[in-house]
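Engineer: Sequence unavailable; structure follows:
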């Protein structure tokens, strides 16, 4: 990312802003101390979407932001995690963003989705770069 580490981390920490740059995050609504997040993707004729409740996990270091699934219905659910960490290259200049979207469940489509997810990560990174350049 051709931006200061603090600016990149601020965008990654702003979960309601994800729909503007992350193609798999379609909608984010506040829900008490968390957010209801609509995630989705498409592989050919197959469309899959999921609403999960995420909360921020501040147990990570200052250069990492992590959101984890925290449903409140008393049932067990597969894990979901959105996380981003910034490795500064020195000072206020460009930095490296490592972003992770992790799902702990199983689906027969997971193997097929891997290339689609990787492509979406690249597209999302490009949209994030444009947003950072505009601000």
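Structural biologist: That came through, no problem. On a predicted model such as this, the values are computed, not experimentally measured, just so you know.
Engineer: helix or strand for residue 100, which one?
Structural biologist: strand 95-103 (DSSP states H and E).
Engineer: Now do the helix or strand following that strand: which elements does it pack against?
Structural biologist: Per DSSP H and E, the first helix or strand lying C-terminal to strand 95-103 is helix 110-134. Under the contact criterion of 3 or more Cβ pairs under 8 Å, 6 or more residues apart in numbering; DSSP states H and E, helix 110-134 touches helix 5-13, strand 34-43, strand 95-103. To be clear about C-beta, it is placed using only N, CA and C from the backbone, and glycine gets the same treatment.
Engineer: for those, which one sits closest to residue 66?
Structural biologist: Closest of these to residue 66 is strand 95-103, at 8.7 Å (criterion: Cβ to Cβ).
Engineer: Contacts for the closest one next, please.
Structural biologist: 1, 3-5, 8, 12, 24, 78-89, 110, 117, 121, 124-125, 128 (Cβ atoms under 8 Å, 6 or more residues apart in numbering).
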